[in-house]
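In: Got a predicted model here, sequence first, then my questions.
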Amino acid sequence: GNSVTQMEGPVTLSEEAFLTINCTYTATGYPSLFWYVQYPGEGLQLLLKATKADDKGSNKGFEATYRKETTSFHLEKGSVQVSDSAVYFCALTSNSGYSTLTFGKGTMLLVSP
Amino acid sequence: EPEVTQTPSHQVTQMGQEVILRCVPISNHLYFYWYRQILGQKVEFLVSFYNNEISEKSEIFDDQFSVERPDGSNFTLKIRSTKLEDSAMYFCASSETSGRGKNIQYFGAGTRLSVL
């Protein structure tokens, strides 16, 4: 079956530091890949997505590239801000059926001034 | 911006009681979902719903669970007889389509269910 593995958190960084949150997946076929973010007290929000190999999703300074050869979709940002503090979820949907999401456990990011 | 609304934000109940978690999906969306996250664990898919019937469900979604769209706006998850292990954050989501690459699911803020 499908599965997503994320690095354990919390990830603690100072403002303007470089961020990487690792995500690897197991899936049959060619899944679509997503990063969702959850700010305190809010729901899961789509941050970015990629639907085929070598696609790069980007939004709000965050990027992730769909790497089929390494089955990875690592999230990166060149310079984090305090407002980026949140929980980040990597997820995938299969390329068939009703596209239910399979999530990783989430990685908490804490950015200090 | 349209959003998915869930109520209540926190529900406390006694073991064996019935609970109904409520969701108002985005108005033009046709596909509806429930997920849950037990503390410290992954967000897990429960059920999807389209055209007034369940389209897919996980092994977690047993006979104790049911979903309903009682009117044109609400989407509910009922747990008939709650167990301690049902304590979790429950997320509702909706999407406009289900096609590959087009299925962007929008989530509510969640309902935290505490079973005592």
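Out: The structure has been received and is ready for your questions.

In: Enumerate the residues of chain B near chain A.
Out: Residues of chain B found near chain A (CB under 8 Å from any CB of the partner chain) are B:3-4, B:6, B:31, B:33, B:35, B:40-45, B:48, B:50, B:55-56, B:91, B:93, B:95, B:98-101, B:103-110. Just so you know, the C-beta spots here come from the backbone N, C-alpha and C atoms, and that holds for glycine as well.

In: Buried ones in stretch A:84-103, by neighbour count?
Out: Residues of stretch A:84-103 classed as buried: A:84-95, A:98-103 (neighbour count, 16 or more other CB atoms under 10 Å in any protein chain shown).

In: quick one, strands of the chain?
Out: I went with chain A, as the question did not name one. Residue ranges of the strands in chain A, as given by DSSP state E, are A:3-6, A:11-14, A:19-21, A:23-26, A:32-38, A:44-50, A:56-59, A:62-65, A:75-77, A:86-93, A:101-103, A:107-112.

In: should've been chain B
Out: For chain B, strands defined by DSSP E occupy the ranges B:5-7, B:10-13, B:19-24, B:31-37, B:43-50, B:53-57, B:65-68, B:75-79, B:88-95, B:106-107, B:111-115.

In: can you redo the ones you listed as CSV with mean pLDDT?
Out: Listed next are these as CSV, based on pLDDT from 0 to 100:
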stretch, mean pLDDT
strand B:5-7, 95
strand B:10-13, 96
strand B:19-24, 97
strand B:31-37, 94
strand B:43-50, 93
strand B:53-57, 92
strand B:65-68, 96
strand B:75-79, 97
strand B:88-95, 95
strand B:106-107, 91
strand B:111-115, 96
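
In: Compare those and give me the one nearest residue A:3.
Out: strand B:43-50 (11.6 Å; CB to CB).

In: The closest one pairs with which strands?
Out: strand B:31-37 (antiparallel), strand B:53-57 (antiparallel) (DSSP bridges).

In: tally of neighbours for residue 68?
Out: Here I'm looking at chain A. When neighbours are defined as other CB atoms under 10 Å in any protein chain shown, residue A:68 has 11 of them.

In: actually it's chain B I care about, not the one you picked
Out: Residues near residue B:68, counting by other CB under 10 Å, number 13.

In: what do you get for residue A:52?
Out: 14.

In: Tell me who's in contact with the closest residue in space to residue B:25 that isn't next to it in sequence.
Out: Distances taken as CB to CB, 6 or more residues apart in numbering or on different chains put residue B:94 closest to residue B:25, at 3.4 Å, once the chain neighbours are dropped. Contacts for residue B:94 (CB atoms under 8 Å, 6 or more residues apart in numbering or on different chains) come out as B:4, B:25-26, B:29, B:31-33, B:75, B:105-106.

In: so which of those is the most crowded?
Out: residue B:33 (29 neighbours).

In: Which of the strands of chain B sits closest to residue A:68?
Out: strand B:43-50 (23.4 Å).

In: list the contacts for residue 112?
Out: Just so you know, I chose chain A. Applying CB under 8 Å, 6+ apart to residue A:112 gives the contacts A:12-15, A:82.

In: I was after chain B.
Out: Going by CB under 8 Å, 6+ apart, residue B:112 touches B:9-11, B:88-90.

In: Identify the bridge partners of it.
Out: Under the criterion used (DSSP bridges), residue B:112 bridges to residue B:10, residue B:89.

In: same check, this time on residue A:21
Out: Beta bridges link residue A:21 to residue A:75 when assigned by DSSP bridges.

In: Could you do the one 5 residues further on as well?
Out: Each beta-bridge partner of residue A:26 is listed here: residue A:3, as defined by DSSP bridges.

In: Alright, I will stop here.
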